[in-house]
Structure formats: C-alpha cells, structure tokens
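J.: Got a predicted model here, sequence first, then my questions.
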Amino acid sequence: MTLVSSQVRVAGTGELFLGPVGTALPTDASTALGVAFKGYGFTSEDGVSLSKSVEREGIPAWQSTTPVRYLVTGQELTAAVTFLQSNKDILKLWLGSGDFAAAGAGGGFSADVSVDPVGQQFAFVLEWKDADIVSRLAIPKVEITETGDVSLARQATSFPVTFGALAPDSGDVLATWMTSDPAFGP
C-alpha cells in the first residue's frame, strides 16, 4: 500500500443522535437526519470509542492438528461515549429510569431509579467530520449495555454510556458506515 498522508483522517468534531427504533436511517453521509433523531450534545474530548469483536470457534479434525474450518459464534459492535451535558435526556440514559417530573411543593424535578432498570433501545446515528469530509455510522437498533461511574467533584460531571448493536428486526445489516471521503470511491 502506498503512503498517502492526505488519507489520514481526524474525527475533529461530531455528535451522537438517537431516535425511536424503526426510525428511517440515513442513506448517505450528507442528507439531513429525520426529525425523529435527537442530538445528545457535548461529549468528552475522547469522542466516541467504537469496538467490534468477532468470536470464532475452530472445528478440529482427526486428520489435522489445526482447525479445518472456523464458525462464527458471536459478534459484538459497541459505541462508548461520555456525555458532558447534564439534562433530563442524558440522565434518563444513564439512570435507566423514566422521565423527570416536578418534585413536590418545594420545586425542582426528580426521577425514580427502578430496582429493575428500563431497557432502552434506539435507532443510532453517529456523525463525525474532518474538514469537508462527513462520515456516519448508522445502526438500526442499539441498547444501552453499560453505564460507567459518575464523579461528583470540581470537574465537569460526565455520564459514560455504552451502546451495543442488536440484530435488526428484519434484514441482515447490523450497521452501515457512510462517508463523503473520496478515498473510499472506486
């Protein structure tokens, strides 16, 4: 492969968008997202960490000391993000609870944290930009699989959340990577 410095990409900025499962996903990197998608604002400077793992199991044979074939036994695609904004939408994700409501006569708002967290599934679009190049990762169905520790200290309060891709209700596409990057053209 040739060394091409103009193909080095930096995800300089971006945002995570969530919508109800079943929301029409974008078909390219530049068309505006549908109104059902909501942006979730500022994240830590670490951005979003994508992780993909595929598990394979070797099939041994009497005639060979090495596997003669591998079967895919599992696949996982996750996106980990640390949200920086403190609002009802972010806290609902992190708490795994219902909506915030007015709290008593004294004012303010509260949300109960159930002993059995609410399963939260979404349509997922991650968008990032490097100058004029726009890229998106669209996943028809994700679920929150993990939340991390929140530190309440003299620093920005942040809410770590990991989303795991789920098999779609129909079809066989787990996710779609879209980009306006000319390096990906034919």
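T.: Arrived safely, thanks for sending.
J.: Name the nearest residue to the residue positioned nearest the centre of the chain, sequence neighbours excluded.
T.: Closest to where the C-alpha atoms of the chain average out (Cα atoms, centre = their mean) is Ala79, at 3.8 Å. In this structure, Ala79 finds its nearest non-sequential neighbour in Phe163, 4.8 Å apart by Cβ to Cβ, 6 or more residues apart in numbering. Backbone N, C-alpha and C define where each C-beta goes, glycine included.
J.: Please apply the same query to Phe42.
T.: Distances taken as Cβ to Cβ, 6+ apart put Leu84 closest to Phe42, at 4.2 Å, once the chain neighbours are dropped.
J.: Model confidence for that neighbour, exactly?
T.: pLDDT for Leu84: 97.
J.: ok, now Thr27?
T.: pLDDT at Thr27 comes out at 96.
J.: Against Phe124, how distant is the nearest residue to it once chain neighbours are set aside?
T.: Nearest residue to Thr27, sequence neighbours excluded (Cβ to Cβ, 6+ apart): Met178, at 7.7 Å. Relative to Phe124, Met178 is positioned 13 Å away (Cβ to Cβ, to the nearest Å).
J.: the more surrounded of these two?
T.: Phe124 (24 against 20; other Cβ atoms under 10 Å).
J.: so who does the more buried one touch?
T.: The contact partners of Phe124, by Cβ atoms under 8 Å, 6 or more residues apart in numbering, come to Leu16, Phe17, Leu18, Ala79, Leu137, Ala138, Ile139, Pro140, Lys141, Val142, Phe163, Ala165.
J.: sec struct for it, please.
T.: Under DSSP: H, G, I helix; E, B strand; the rest coil, Phe124 falls in the strand class.
J.: Please name the bridge partners of it.
T.: Under DSSP bridges, the beta-bridge partners of Phe124 are Leu18, Ile139.
J.: ok so, going back, the residue nearest to the centre of the chain looks like it's in a strand, true?
T.: Yes - assessed by three-state DSSP, Ala79 belongs to a strand.
J.: quick one: low-confidence ranges for the chain?
T.: Counting by pLDDT under 70, the chain contains no low-confidence range.
J.: and if we set it to 80?
T.: Scanning the chain for pLDDT under 80 picks out 1, 98, 104-106, 117-118.
J.: Ser5: neighbour count?
T.: Neighbour number of Ser5 under other Cβ under 10 Å is 5.
J.: go on, the one 10 residues further on?
T.: The number of residues packed near Glu15 is 15, by other Cβ under 10 Å.
J.: Which residue lies closest in space to it, excluding its sequence neighbours?
T.: Gly39 (5.0 Å).
J.: residues in contact with the residue nearest to Phe42?
T.: Gly41, Phe42, Thr43, Ser44, Ala156, Thr157, Ser158.
J.: pretty sure the last one is in contact with Ser86, am I right?
T.: I take that to be Ser158. No - the criterion here is Cβ atoms under 8 Å, and Ser158 misses it with Ser86 at 9.1 Å.
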